[in-house]
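[1] sequence-free structure coming up:
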């Protein structure tokens, strides 16, 4: 199977849903920061809540609102029930058709999460975060400026920063 190519729709996303394991939150925060600095609005879960209904509803609202879906792949995320639920939602909704981007944070068996992921062009961040960022932003027709370069210019790349919406989610707990 030939992987689906990115960039068939090169408009900048209205908002990206960033799906990740709670154990990969530092990587997710870094990636969300890069996207925001380059004008790409992003929603991701970061904080823990005890009230099940509140985080469940917030994730659902974000999934329905966003038009691109990035899934962070790692040994933790491929075992996460929540990442799987979010991916299944994206795979089953037309708004994400050709707009699902698996990013490799750490080497893992991505088919443990979904057999469908082999059909998508993946972006590898595992060896070089800047190279991964550059490739991801290129899918939307954007250039990449590393954080130190952007900071030295006193602003965001292209003169615009996008909001980062920090969602809320329950901490993932290992059974037993």
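    Thanks, I have the structure now. Keep in mind the model is a prediction, meaning the values are calculated, not measured.

[2] Show me the strands in the protein, by range?
    16-19, 42-47, 68-73, 100-104, 123-124, 164-168 (DSSP state E).

[3] quick one, the third one and strand 100-104 angle?
    This means strand 68-73. Strand 68-73 and strand 100-104 are oriented at 30 degrees to each other (axes from the mean of the first three to the mean of the last three Cα atoms, to 10 degrees).

[4] what does strand 68-73 contact?
    Here strand 68-73 makes contact (Cβ atoms under 8 Å, 6 or more residues apart in numbering) with 13, 15-21, 24, 27-28, 31, 77, 83, 86-87, 90, 96, 99-106, 108, 110, 113, 117, 122, 136. (C-beta placed from N, C-alpha, C; glycine too.)

[5] can you check the first one too?
    Applying Cβ under 8 Å, 6+ apart, the contact partners of strand 16-19 are 28, 31-32, 35, 40-44, 62-63, 66-72, 77, 83, 86-87, 90.

[6] Buried ones in that strand, by neighbour count?
    Buried positions in strand 16-19, judged by neighbour count with 16 or more other Cβ atoms under 10 Å: 16-19.

[7] could you redo those as a markdown table and give each row pLDDT and distance to residue 147?
    Listed next are these as a markdown table, based on pLDDT from 0 to 100; distance: Cβ to Cβ, whole Å:
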| residue | pLDDT | distance to residue 147 |
| --- | --- | --- |
| 16 | 96 | 18 |
| 17 | 96 | 23 |
| 18 | 96 | 17 |
| 19 | 96 | 23 |
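
[8] What pLDDT does the model give the nearest residue to residue 69 once chain neighbours are set aside?
    Of all residues not flanking residue 69 in the chain, residue 90 sits nearest, at 4.0 Å (Cβ to Cβ, 6 or more residues apart in numbering). We have a pLDDT of 97 for residue 90.

[9] Residue 90 touches residue 102, doesn't it?
    No. Using Cβ atoms under 8 Å, residue 90 is not in contact with residue 102, being 10.7 Å away.

[10] who has more neighbours, these two?
    residue 102 (25 against 21; other Cβ atoms under 10 Å).

[11] what's the neighbour count on the closest residue to that one other than its chain neighbours?
    Of all residues not flanking residue 102 in the chain, residue 122 sits nearest, at 4.6 Å (Cβ to Cβ, 6+ apart). Neighbour count of residue 122, defined by other Cβ under 10 Å: 18.

[12] any idea how far residue 122 is from residue 37?
    23 Å (Cβ to Cβ, to the nearest Å).

[13] pLDDT below threshold where in this protein?
    1-10, 47-53, 148-176 (pLDDT under 70).

[14] any chance you could map the helices in it?
    25-37, 52-65, 81-91, 129-138, 147-152 (DSSP state H).

[15] Name the residues of the second one that come out as buried.
    Buried residues in helix 52-65, defined by neighbour count with 16+ other Cβ under 10 Å: 55-56, 58-59, 62-63.
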